[in-house]
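S.K.: Next input, structure requested:
(4 chains)
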Protein chains: 2
Amino acid sequence: MDCRTDHGRSIKRIGAAECVHCPVRERGLLGQADANGMMAIRANVDILRFPVRTRIYAEKSAGEYVYSIRSGLVKLEQQSGDGRARIVRLATPGTTLGLELLFGASYRHTALVLHSTDLCRIPVRLLRTLRDDQKELCDSVLRHMQQNIDAADFEITQLSTGTAQARIARLLLHLSADNATDARQWIMREDIAGLLGVTLETVSRTISDMKRRGLITEEQHHFVFDRPELERIANC
Amino acid sequence: MDCRTDHGRSIKRIGAAECVHCPVRERGLLGQADANGMMAIRANVDILRFPVRTRIYAEKSAGEYVYSIRSGLVKLEQQSGDGRARIVRLATPGTTLGLELLFGASYRHTALVLHSTDLCRIPVRLLRTLRDDQKELCDSVLRHMQQNIDAADFEITQLSTGTAQARIARLLLHLSADNATDARQWIMREDIAGLLGVTLETVSRTISDMKRRGLITEEQHHFVFDRPELERIANC
DNA sequence: CGGTCCTTTGAGGTTGATCAACGCGAGTGG
DNA sequence: CCACTCGCGTTGATCAACCTCAAAGGACCG
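M.R.: Numbering: from 1, shown residues only, chains lettered A, B, ... in the order given. From the prediction side, this is the model:
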């Protein structure tokens, strides 16, 4: 059965959540649940697939679900002081979105899909119930909040500080665990710009320049880096 | 009895924590504890007074205390990409510092006192113990983490976005609940700069300019604002 | 093959960083 | 009491970084 978001794109239901088979079980929000918890999860948590450019939820809208990312890439935007959208952070598999619902009725960000994303849709109600008799879950929630804080701090100190060149170098290094980035973690110029607080053109110019200088080789949405040199630039 | 910080300034112990008399009890971390909890708190939590410019803790240093701010103002710095210190957020009464210790051994930020600050020094160990038999406390911790996240997001969308003028307008409005700011919430040019990611000189120039245009009147560390006009500027 | 989406590039203007000097009030010590 | 210093704020000149507006190139798709 498919369901539809408020803006009309079709979201596929993949199945019921089975933590045992979860690709991110250790890092996920509910992975540590006990047998009783698992039962409740199977009954209440669906796995959904969101295509690129769909919205998971909107800033200031009311909601009753928290989302745990199984795969894909999501950007969290918030309206900035000048009324435009500023990307506050990227969310990767293992991250939980919407935990702010534990204390308020509405989402703090607009969550938009950058790469096709599978996520577990968890009713906040379930989270509250489970928490009452499982202190491990409370721990897990805290851990995920800390993860959000760390990501926010990273955004401030690494991605909103220094020259455009340095910010880009830091982002590229951050997005790529190893020496290359595959299409999976590719994000387009506009989103890089939104994340760094610079314009799309500046991003394009800077990356082009890095390519000319041989720091970056790009082959169909796939970067290869001169990592040491990028690190040098990142530390400026 | 006084104790000394690692950098030699004397920190005064004011007394044992008595939540009943706490100026920020409703907002504080432990305010909702039950009778048993109160007893444990009295025995384990001290109230300390940190003078201006003292350090509460340092980034990456190990620690075993979480701090709940009763009064004063604290800046949280983190080393930025270029090696300099970037102010990540300001912490005001009711805020809890160092909650990251619940999951790791070391602090994420350097906490520096901007205005003389009283805080409750809470052993993380106590926090863990209390949490096991009081789910309200778990809630309280989560709430405080959410508060940190909100502050971080504010820093990104409001204070690291837009022109220097707009950022300053937003900060000034944010720091002042009402039409004026008293000396209590005054912070100096250097810290405004660190918070906004601009230079001290730019802050000075911009504020001087605002004064000349009559948007701001400053009388010994005490601003009075033309609030509507500042709000107009903030939305640019 | 025409259209759409993303990226690249250019020209010109603005903003803010940098370096440097000076002002000014609050201590501090002779 | 005065001279000195120190911390903080202000101001100026110059230059690099970045934004804005505009146009054009390339990839992908129906």
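
S.K.: switch to C-alpha atoms for all contacts and neighbour counts from now on
M.R.: Will do.

S.K.: Just the terminal-to-terminal distance for stretch A:29-42.
M.R.: 14 Å (CA to CA, to the nearest Å).

S.K.: what comes up buried for stretch A:154-161?
M.R.: A:Phe154, A:Glu155, A:Ile156, A:Thr157, A:Gln158, A:Leu159, A:Ser160, A:Thr161 (16 or more other CA atoms under 10 Å in any protein chain shown).

S.K.: can you list the residues of chain A near DNA strand C?
M.R.: A:Ile187, A:Met188, A:Arg189, A:Glu190, A:Leu200, A:Glu201, A:Thr202, A:Ser204, A:Arg205, A:Ile207, A:Ser208, A:Asp209 (CA under 7 Å from any atom of the strand).

S.K.: same thing but at 6 Å, please
M.R.: A:Met188, A:Arg189, A:Glu190, A:Glu201, A:Ser204, A:Arg205, A:Ser208 (CA under 6 Å from any atom of the strand).

S.K.: hmm, which of these are the buried ones?
M.R.: Buried by 16+ other CA under 10 Å: A:Arg189, A:Ser204, A:Ser208, out of the residues of chain A next to DNA strand C.

S.K.: Pick the one among these closest to DNA strand D.
M.R.: Distances from DNA strand D to these, taken as CA to the nearest atom of the strand, are shortest for A:Ser204 (9.8 Å).

S.K.: so how far is A:Tyr107 from the residue nearest the centre of chain A?
M.R.: In chain A, the residue lying closest to the centroid (CA atoms, centre = their mean) is A:Ala91, at 1.1 Å. A:Ala91 is 15 Å from A:Tyr107, where distance means CA to CA.

S.K.: Likewise for A:Gly94?
M.R.: A:Gly94 is 19 Å from A:Tyr107, by CA to CA.

S.K.: re the thing from before, from the residues of chain A next to DNA strand C, which two are the most distant?
M.R.: Within those, A:Glu190 and A:Ser208 form the most distant pair, 14.6 Å apart (CA to CA).

S.K.: tell me which residues in stretch A:120-133 are buried?
M.R.: Applying 16+ other CA under 10 Å to stretch A:120-133 flags A:Cys120, A:Arg121, A:Ile122, A:Pro123, A:Val124, A:Leu126, A:Leu127, A:Leu130, A:Arg131 as buried.

S.K.: who in chain A is up against DNA strand D?
M.R.: Residues of chain A lying near DNA strand D (CA under 6 Å from any atom of the strand): A:Thr163, A:Ala164, A:Gln165, A:Val198, A:Thr199, A:Glu201, A:Thr202.

S.K.: the helices in chain A, which residues?
M.R.: Assigned by DSSP state H, the helices in chain A fall at A:35-44, A:124-133, A:135-154, A:164-175, A:189-196, A:200-212, A:227-234.

S.K.: Format those as TSV; extra columns: distance to chain B.
M.R.: Shown next, in TSV, are those (distance: least, CA to the nearest CA, whole Å):
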stretch	distance to chain B
helix A:35-44	18
helix A:124-133	7
helix A:135-154	5
helix A:164-175	8
helix A:189-196	10
helix A:200-212	15
helix A:227-234	6
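
S.K.: Tabulate these in JSON lines, adding columns for distance to A:Gly15.
M.R.: Formatted as JSON lines, these follow (distance: least, CA to CA, whole Å):
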{"stretch": "helix A:35-44", "distance to A:Gly15": "9"}
{"stretch": "helix A:124-133", "distance to A:Gly15": "18"}
{"stretch": "helix A:135-154", "distance to A:Gly15": "23"}
{"stretch": "helix A:164-175", "distance to A:Gly15": "29"}
{"stretch": "helix A:189-196", "distance to A:Gly15": "31"}
{"stretch": "helix A:200-212", "distance to A:Gly15": "38"}
{"stretch": "helix A:227-234", "distance to A:Gly15": "40"}
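
S.K.: residue contacts, A:Glu155?
M.R.: A:Glu155 is in contact with A:Val88, A:Arg89, A:Leu195, B:Ile156, counting by CA atoms under 8 Å, 6 or more residues apart in numbering or on different chains.

S.K.: let's see 10 Å
M.R.: A:Glu155 sits next to A:87-90, A:149, A:161, A:167, A:171, A:195-196, B:88, B:152-153, B:155-156 when contact means CA atoms under 10 Å, 6 or more residues apart in numbering or on different chains.

S.K.: Over to A:Asp46?
M.R.: Going by CA under 10 Å, 6+ apart, A:Asp46 touches A:Arg13, A:Ile14, A:Gly15, A:Ala16, A:Ala17, A:Glu18, A:Tyr67, A:Leu119, A:Cys120, A:Arg121, A:Ile122, A:Pro123.

S.K.: how does it look with 6 Å?
M.R.: The neighbourhood of A:Asp46, defined by CA atoms under 6 Å, 6 or more residues apart in numbering or on different chains, consists of A:Gly15, A:Ala16, A:Ala17, A:Cys120, A:Arg121.

S.K.: any idea which of these is closest to B:Gln79?
M.R.: Closest to B:Gln79, out of all of the contacts of A:Asp46 and judged by CA to CA, is A:Cys120, at 35.0 Å.

S.K.: For A:Glu218, state which of the buried residues of stretch A:120-133 is nearest.
M.R.: Of all the buried residues of stretch A:120-133, A:Cys120 has the smallest distance to A:Glu218: 33.5 Å, by CA to CA.

S.K.: Please name the nearest non-neighbouring residue to the closest one.
M.R.: In this structure, A:Cys120 finds its nearest non-sequential neighbour in A:Ile47, 4.5 Å apart by CA to CA, 6 or more residues apart in numbering or on different chains.

S.K.: I'd say that neighbour and A:Glu18 touch.
M.R.: No - using CA atoms under 6 Å, A:Ile47 is not in contact with A:Glu18, being 9.0 Å away.

S.K.: Among these two, which residue is more densely surrounded?
M.R.: Using other CA atoms under 10 Å in any protein chain shown as the criterion, A:Ile47 and A:Glu18 rank with A:Ile47 on top: 21 against 18.

S.K.: Tell me, how many residues neighbour A:Ser10?
M.R.: Close neighbours of A:Ser10, defined as other CA under 10 Å, add up to 15.

S.K.: Domain map for chain A?
M.R.: If you go by automatic domain parsing, the domain ranges for chain A are A:2-159, A:164-234.

S.K.: The ones you listed into a markdown table, with extra columns for mean pLDDT and distance to B:Gly63?
M.R.: A markdown table is the format used below for these (pLDDT from 0 to 100; distance: least, CA to CA, whole Å):
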| stretch | mean pLDDT | distance to B:Gly63 |
| --- | --- | --- |
| domain A:2-159 | 90 | 17 |
| domain A:164-234 | 90 | 28 |
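
S.K.: So which of these is the most surrounded?
M.R.: domain A:2-159 (a mean of 19; mean count of other CA atoms under 10 Å in any protein chain shown).

S.K.: and it, how far out from the chain's middle?
M.R.: In terms of CA atoms, centre = their mean, to the nearest Å, the centre of domain A:2-159 is set 9 Å apart from its chain centre.

S.K.: And stretch A:159-173, by the same measure?
M.R.: Distance, stretch centre to chain centre, for stretch A:159-173: 19 Å (CA atoms, centre = their mean).

S.K.: Alpha carbons of that stretch, in CSV - could you do that?
M.R.: Extracted C-alpha coordinates of stretch A:159-173, given in CSV (Å, rounded to 0.1, in the frame of the first residue of the first chain):
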residue,chain,number,x,y,z
LEU,A,159,31.0,24.8,7.5
SER,A,160,30.1,28.4,8.4
THR,A,161,33.6,29.6,9.2
GLY,A,162,36.5,30.7,7.0
THR,A,163,36.7,31.3,3.3
ALA,A,164,34.5,29.6,0.8
GLN,A,165,37.5,27.5,-0.4
ALA,A,166,38.2,26.2,3.1
ARG,A,167,34.5,25.5,3.8
ILE,A,168,34.2,23.5,0.6
ALA,A,169,37.4,21.6,1.3
ARG,A,170,36.1,20.7,4.8
LEU,A,171,32.7,19.6,3.4
LEU,A,172,34.2,17.4,0.7
LEU,A,173,36.5,15.7,3.2
